[in-house]
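Novice: Give me a model of this one.
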Amino acid sequence: MPEQITIPKTMSTQHPDNVQIPFFSENSCLGGEDEVLEAYYAYSHLNCREQMWDCEGKEVDNFVVKKLLSKYGGYLSNHQLGKDIFLTLRVPNPDVEKAEAKILLETLESIPRSYDVANIFYGTENPPIFEVILPMTISYESLDNIYQYYCDFVVGKQNQRLGGRDLTVSDWIGEFKPAKINIIPLFENKEGMLNSDRIVAKYLENKNLDYQRVFLARSDPAINYGNVGAVLLNKIALMKLSNLSDKKEIPIYPILGVGSAPFRGNLRPDNTERVMKEYPGVWTFTIQSAFKYDYPPDMVCDAVKRLENREVFKAPDVDEKRCLLIFEKCSKEYHKRLSELSPAINKISGFVPKRRMRKLHIGLFGYSRSHEGLNLPRAITFTAACYSLGVPPEILGISALNDHDLDYLRNIYVNFDADLIDSIRYMNPDSPYLPPADLEFAKENCDFEINTVHKKSTDDIIRLSGENRTDEAGSYILKAASERKFLG
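Specialist: Reported below is the predicted structural model:
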């Protein structure tokens, strides 16, 4: 591990929420080679200091470090991978994604190989990859299993003797480095977020780490519990992790997985100041595809620069008990809306354009809701489908809030009204799918103006869906998304 690094404050990701096709791709769906170029573009043009690399799906590329150094050696010779810029792997969780469990082992085995390639290229001992992200973390054991497996088996096998002779694996193949890696938990559900401090505290025991990064999801909690519920869980987790950092006297650097849709975090190049104010305790924000490709490059670069140069503060305290009371009210009402809307959402979702050739991870929603017979698409497709029906998902269930709830919520969710207005402008008041109670709440609590271009597109989508001609809706879905500057 590098002796001295500066933790990046922006992390480019592969989330497929963009409307516009990147200039460097010939196809609307980015493939594996496109994503190698995308990583270089994020580093060299957008000045993102970190790229998350998703190691799940049929086109996973464990040779990304070799390809980057081979193709873009001129840039990377002056910007050292693992010291100046970073590549962070997102691995499958074998406790949840059984079919992809062994991809985890393949990915861990690729880390020493990437080290060897970088060692030859740079002539230094800085590993190009030394951190991995574990999605759907809900226990200390799931983190520690990866940490111990890497130390004991990936690196540990170098001391094994071959055929009972004196020759060890390291004598034969060479040393395996780095000796250890950092595991970044990604908390995506209520259980994980509310217990994030306990899980991380247990994981830190007996490891003598210099720091710990923790990833908090924003999209999956939104699809599971609604927009308000997701924000409340993030706020509670950030407070708990900040307090743990003080208690353990070890720096904890939170990462927040935000997208451009208000439902998924509302981080856009023209909106960075608001999001920085909303989450002062977040160290790293994700820079997803809509942020990168649906705005002018100069605007994107300026926004990344603002995020990288900002000051990070202690996460503010919140009243956990009161937050959870509001959470339960909103999420209960939100789930009622989902039950009513799921047939329409699923009908439209199949016609939302795809932006990545690889399948992304399955997420928690299918597991957490399957026992209720409710199956919904992943967060980006879900969000796109809702907007295409003229129903911004941010409003679902908000009618459960009373004035007392709103007073407290506005105090801790400082952009509540602004986020709501950002989403409601894309509402279609004539949509038959719009919950009347939530529409009434919006009218009573927000001063908004409907985007008529977006409304016209959703009128056409709703008409085609009603005529069982949903297969003709794709162009209108894209037209509406272009108006929003995010797919979902």
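Novice: what's next to stretch 344-360, contact-wise?
Specialist: Contacting residues not belonging to stretch 344-360 are listed as 14-18, 28-32, 54, 56-60, 289, 375-378, 381-382, 384-386, 388-389, 433, 461, 465, 470-471, 473-474, 477-478, 487-488 [Cβ atoms under 8 Å, 6 or more residues apart in numbering]. All C-beta spots, glycine's among them, are computed from the backbone N, C-alpha and C.
Novice: again, 7 Å this time
Specialist: Residues from elsewhere that reach stretch 344-360, judged by Cβ atoms under 7 Å, 6 or more residues apart in numbering: 14, 16, 18, 28-31, 54, 56-59, 289, 376-378, 381-382, 384-386, 388-389, 433, 465, 470-471, 473-474, 477-478, 487-488.
Novice: same thing with stretch 455-474?
Specialist: Residues contacting stretch 455-474 (Cβ under 7 Å, 6+ apart): 347-348, 351, 353, 388-390, 428, 431-432, 476-477, 479-480.
Novice: can you check stretch 476-488 too?
Specialist: 17-19, 259-261, 290, 294-295, 351-353, 355, 380-384, 387-388, 426, 451, 453-454, 457-458, 460-461.
Novice: Out of the residues you listed, name the ones that lie in helices.
Specialist: Using DSSP state H, the subset of those located in helices is 290, 380-384, 387-388, 453-454, 457-458, 460-461.
Novice: Show me which of these is closest to Asp405.
Specialist: If you rank those by distance to Asp405 using Cβ to Cβ, Thr383 comes first, at 24.1 Å.
Novice: Surely that closest one is in contact with Pro262?
Specialist: No: using Cβ atoms under 7 Å, Thr383 makes no contact with Pro262, being 9.3 Å away.
Novice: These two: which is more packed in?
Specialist: Thr383 (31 against 28; other Cβ atoms under 10 Å).
Novice: per-residue confidence at that one?
Specialist: With respect to pLDDT, Thr383 scores 97.
Novice: quick one: the nearest residue to it once chain neighbours are set aside and Leu216, what's the gap?
Specialist: Nearest residue to Thr383, sequence neighbours excluded (Cβ to Cβ, 6 or more residues apart in numbering): Gly488, at 3.6 Å. When distance is defined by Cβ to Cβ, to the nearest Å, Gly488 is 20 Å away from Leu216.
Novice: The two: which has the busier surroundings?
Specialist: Neighbour count, other Cβ under 10 Å: between Gly488 and Leu216, Gly488 has more, with 34 against 26.
Novice: which residue ranges form the strands in this protein?
Specialist: With DSSP state E as the definition, the chain shows strands at residue ranges 10-12, 50-54, 86-90, 131-134, 182-187, 212-217, 252-257, 284-287.
Novice: and the angle from the helix ranked longest in the chain to helix 379-388?
Specialist: Using DSSP H, we find that the single longest helix of the chain is helix 320-349. Interaxial angle of helix 320-349 relative to helix 379-388 (axes from the mean of the first three to the mean of the last three Cα atoms, to 10 degrees): 70 degrees.
Novice: ok so, going back, can you redo the contacts of stretch 455-474 as TSV with distance to Asp197?
Specialist: Below are those laid out as TSV (distance: Cβ to Cβ, whole Å):
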residue	distance to Asp197
Lys347	41
Ile348	39
Phe351	42
Pro353	40
Ser388	39
Leu389	39
Gly390	40
Asn428	42
Ser431	41
Pro432	45
Tyr476	46
Ile477	41
Lys479	45
Ala480	41
